[in-house]
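Q: using only what follows, build the 3D model:
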Amino acid sequence: MSITRRGLLKGIAASSALAGASFTVNAAITTKEDSTHTSKQKKPNLLIVFPDEFRAQALGFMKQDNSLTPHLDRFAKQSVVLKQAVSNFPLCTPFRGMLMTGQYPYRNGIQGNSHTGVPGTFGGKDFGIELKKNTVTWSDILKEQGYSMGYIGKWHLDAPEPPFVPSYNNPMEGRYWNDWTAPDRRHGFDFWHAYGTYDLHLKPIYWTNDTPRDQPLHVDQWSPEHEADVAINYLRNTNGQYRDESKPFTLVISMNPPHSPYDQVPEKYLDRFAGKSSKELNDRPNVQWDKQYLEGYGPDYFKEYMAMVNGVDEQFGRIIDELDRLNLANDTLVVFFSDHGCCMGSNGQPTKNVHYEESMRIPMIFRWPGKLAPQQNDLLFSAPDIYPTLFGLMGMQDLIPDTVEGTNFARTLQGQSGDKQPTSQFYTFMPYGGQSYGRRGVRTNRYTLVIDRKIGKPLTFTLHDNQKDPYQMVNIAHNNKALIDQLVHEELIPWLEHTGDPWRPTEVPANSAKAYT
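A: Model (predicted):
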């Protein structure tokens with residue numbers, strides 16, 4: 001793993017100052033000796049666009065999926081592309097928690113999806129899974145630094161409260177998902193046009209700054225298109241009602257597609273794949289077509305998934321074209337990524353929350369003309385690294401709290417030396433209320449190792465050689481005890497210690513067939 005001394009100290013600091021601890025934004029800002037230089041120079045704008053379930057393989061320039069992403073392909077040629085970026089816990093709320101706090105799930109307490117169970121069932125709320133009001137996020141700090149802050153789209157960091165707002169996702173799958181986010185839970189975002197979790201993409205609902213909780217705004221427009229319209233108005237600051245023009249701005253656009261349900265996509269995007277079936281388009285050799293999937297999921301919907309990807313690309317292009325037209329490009333760091341991928345039948349998996357490449361690998365693209373020279377890099381970059389790297393690029397590294405567990409890789413993105421390169425990425429899955437159980441693993445530049453602990457059962461091991469077997473179709477854990485031992489002791493255990501995770505592997509059995517899945 002190659003943890004630096006500073007990383008170890010940060011882990012110790014995080015242990016004594018958990019994400020839920022009560023401390024002020026000012027306290028977090030003054031954790032460094034000198035944070036004054038950022039006010040002496042012009043502060044850059046920040047524009048973040050991140051769709052849901054957009055896997056790295058769906059980027060056209062990656063030449064893996066049969067996708068159409070001309071705008072992202074063009075954007076990538078102007079940008080730093082991190083080709084090996086991953087979502088360490090590839091599920092919506094855990095990724096968003098890592099993004100906002102710079103901490104891994106055990107530390108920030110966001111160890112599953114944020115939802116509320118119907119009577120007789122449980123949800124994430126029963127285990128305190130939501131972004132706490134008193135957690136200091138990067139957006140809180142930027143607000144304190146004088147930024148105008150805008151958030152558009154999916155939030156999914158609050159557990160709904162009764163009386164529940166009637167909507168499509170309330171209830172669904174035995175849980176309530178969607179709710180209004182109170183102003184004191186918006187973490188510095190002063191322009192709000194968002195919702196919790198709502199999946200009818202063709203007829204979305206939103207809460208704005210002035211929208212009462214019981215009267216959400218209903219929109220008859222595909223959600224990425226509507227959100228692009230709002231984002232363009234924000235950039236233009238139409239009628240001066242979106243932001244304070246005297247301040248730098250941060251704008252986050254969190255699009256829900258290409259998330260299921262897959263029929264929620266305008267016909268014009270499907271027409272661009274006319275004459276092609278899902279089976280023709282979804283030609284990865286690891287796709288299991290004969291498996292029975294839950295209704296509405298699986299590889300048969302790959303054409304619709306590709307249509308959504310194309311639609312997100314088009315709306316992203318509209319936003320970037322407007323930013324450039326307004327001559328804001330040189331003053332604005334733009335970042336495009338996703339919360340996780342989607343398997344779409346690869347290795348028999350319908351969606352996400354597994355270790356497979358189609359689930360873990362995400363787009364990670366940074367553009368800043370004149371500041372970042374275009375390049376493609378195989379840095380093993382992870383979700384908690386986004387926050388500190390943003391601050392490093394924006395000249396605000398002194399404002400990164402010691403509770404942040406991610407690493408600032410700004411120098412690497414700037415084409416400079418000095419950043420210690422990680423030798424692996426952490427993978428985790430925690431069952432609700434069972435942090436000492438579940439899956440833990442690492443992804444190196446060659447191997448993916450996952451160890452699963454279930455109550456009352458022996459550990460199971462999965463090991464893939466991603467160079468020889470890029471589609472991860474063969475588990476080579478059997479007869480590779482020495483390699484597993486090496487990965488556990490040199491990579492996995494240091495990650496567990498760094499993140500404060502109590503999960504520990506027991507002795508790896510020698511050639512025990514029962515231990516391998």
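Q: from residue 307, how far out is residue 358?
A: Note on residue 358: its distance to residue 307, by C-beta to C-beta, to the nearest Å, is 18 Å. In this view, the C-beta of every residue, glycine as well, is placed from N, C-alpha and C.
Q: more neighbours: which of these two?
A: Set residue 358 next to residue 307 and count neighbours by other C-beta atoms under 10 Å: residue 358 wins out with 29 against 26.
Q: ramachandran angles for the closest residue to residue 254 other than its chain neighbours?
A: Closest residue in space to residue 254, ignoring its immediate chain neighbours: residue 153 at 3.7 Å, by C-beta to C-beta, 6 or more residues apart in numbering. For residue 153, the backbone dihedrals are phi 110, psi -150 (criterion: degrees, to the nearest 10).
Q: number of nearby residues for residue 267?
A: Close neighbours of residue 267, defined as other C-beta under 10 Å, add up to 7.
Q: could you identify the helix or strand that succeeds the lowest-mean-pLDDT helix or strand in the chain?
A: Taking mean pLDDT, DSSP states H and E as the measure, the chain has helix 25-29 as its least confident helix or strand, at a mean of 35. The helix or strand immediately downstream of helix 25-29 is strand 45-49, counting by DSSP states H and E.
Q: name the next helix or strand downstream of the helix or strand containing residue 451, please.
A: Secondary structure here is read from DSSP H and E; on that basis residue 451 sits in strand 447-453. On the C-terminal side of strand 447-453, the nearest following helix or strand under DSSP H and E is strand 460-465.
Q: residues contacting the residue nearest to residue 254?
A: Contacts were defined as C-beta atoms under 8 Å, 6 or more residues apart in numbering; by that measure residue 153 touches 193-195, 223, 227, 252-256.
Q: and it, how far is that from residue 76?
A: Using C-beta to C-beta, we find residue 153 at a distance of 22 Å from residue 76.
Q: the inter-axis angle of the lengthiest helix in the chain versus strand 45-49?
A: Counting residues, the longest helix found in the chain (DSSP state H) is helix 302-325. Angular relation of helix 302-325 and strand 45-49 on a 0 to 180 degree scale: 170 degrees, by axes from the mean of the first three to the mean of the last three C-alpha atoms, to 10 degrees.
Q: what about helix 302-325, average pLDDT?
A: This predicted structure assigns helix 302-325 an average pLDDT of 98.
Q: from the contact counts, what lies against that helix?
A: When contacts are defined as 3 or more C-beta pairs under 8 Å, 6 or more residues apart in numbering; DSSP states H and E, helix 302-325 sits against strand 45-49, helix 70-77, helix 223-236, helix 267-271, helix 278-281, strand 332-337.
Q: how about the contacts made by the residue nearest the centre of the chain?
A: Centrality entry for the chain: nearest residue to the mean C-alpha point is residue 339, 2.5 Å, by C-alpha atoms, centre = their mean. Contacts here follow C-beta under 8 Å, 6+ apart; on that basis residue 339 touches 50, 52-53, 87, 90, 92, 95-96, 99, 362.
Q: repeat that with 7 Å
A: Residues counted as contacts of residue 339 (C-beta atoms under 7 Å, 6 or more residues apart in numbering) are 50, 52, 87, 92, 95-96.
Q: for my notes, confirm it occurs in a helix.
A: No: checked against DSSP: H, G, I helix; E, B strand; the rest coil, residue 339 lies outside a helix; its state is coil.
Q: just give the nearest non-adjacent residue to it, would you?
A: residue 95 (4.0 Å).
Q: which phi and psi does that neighbour have?
A: Taking degrees, to the nearest 10, you get phi -60, psi -50 for the backbone angles of residue 95.
Q: is it true that it touches residue 338?
A: No: Residue 95 is beyond contact range of residue 338, at 8.5 Å (criterion: C-beta atoms under 7 Å).
Q: circling back to that earlier point, where neighbours are concerned, which of the contacts of residue 339 has the most?
A: residue 87 (29 neighbours).
Q: ok, the closest residue in space to that residue that isn't next to it in sequence to residue 157 distance?
A: Nearest in space to residue 87, with sequence neighbours left out and distances taken as C-beta to C-beta, 6+ apart, is residue 340 at 4.0 Å. With distances defined as C-beta to C-beta, the gap from residue 340 to residue 157 amounts to 15 Å.
Q: pretty sure residue 488 is in a helix, no?
A: Yes: the secondary structure assignment for residue 488 places it in a helix, going by three-state DSSP.
Q: with adjacent residues omitted, what lies nearest to it?
A: By the measure of C-beta to C-beta, 6+ apart, the closest residue to residue 488 outside its immediate chain neighbours is residue 505, 5.5 Å from it.
Q: what is the burial count for that neighbour?
A: If you count neighbours by other C-beta under 10 Å, residue 505 ends up with 19.
Q: show me what contacts it?
A: Residues touching residue 505, when contacts are defined by C-beta under 7 Å, 6+ apart, comprise 451, 459, 488, 492.
Q: hmm, the last one is touching residue 442, no?
A: Yes: at 5.1 Å, residue 492 and residue 442 qualify as touching, with contact defined as C-beta under 7 Å.
Q: and the nearest residue to residue 233 once chain neighbours are set aside, how close does it get to residue 249?
A: Residue nearest to residue 233 in three dimensions, not counting chain neighbours: residue 242, with 6.2 Å by C-beta to C-beta, 6+ apart. Taking C-beta to C-beta as the measure, residue 242 and residue 249 are separated by 9 Å.
Q: now the common contact residues for the two.
A: Here residue 242 and residue 249 share the contacting residues residue 150, scored by C-beta under 7 Å, 6+ apart.
Q: more neighbours: those two, which one.
A: For residue 242 and residue 249, the more surrounded residue by other C-beta under 10 Å is residue 249, and the numbers stand at 25 against 21.
Q: can you add pLDDT and neighbour count and give the contacts of residue 505 back as JSON lines?
A: Output for the contacts of residue 505, formatted as JSON lines (pLDDT from 0 to 100; neighbours: other C-beta atoms under 10 Å):
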{"residue": "451", "pLDDT": "98", "neighbour count": "26"}
{"residue": "459", "pLDDT": "95", "neighbour count": "17"}
{"residue": "488", "pLDDT": "97", "neighbour count": "21"}
{"residue": "492", "pLDDT": "98", "neighbour count": "25"}
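Q: spatially, which two of those are the most separated?
A: Greatest spatial distance in the contacts of residue 505: 459 and 492, 12.3 Å, computed using C-beta to C-beta.
Q: so who does the closest residue in space to residue 462 that isn't next to it in sequence touch?
A: Nearest non-adjacent residue to residue 462, counting by C-beta to C-beta, 6+ apart: residue 450, 4.5 Å away. Listed by C-beta under 7 Å, 6+ apart, the contact partners of residue 450 are 355, 427, 439, 441, 462.
Q: what about the residues you listed, which are in strands?
A: 427, 439, 441, 462 (DSSP state E).
Q: so residue 135 makes contact with residue 102?
A: No: contact between residue 135 and residue 102 fails when scored by C-beta under 7 Å: they sit 10.7 Å apart.
Q: tell me which element residue 94 is part of?
A: Using DSSP H and E, residue 94 sits within helix 92-101.
Q: any idea how far that helix is from the chain center?
A: What separates the centre of helix 92-101 from the centre of its chain is 6 Å, taken as C-alpha atoms, centre = their mean, to the nearest Å.
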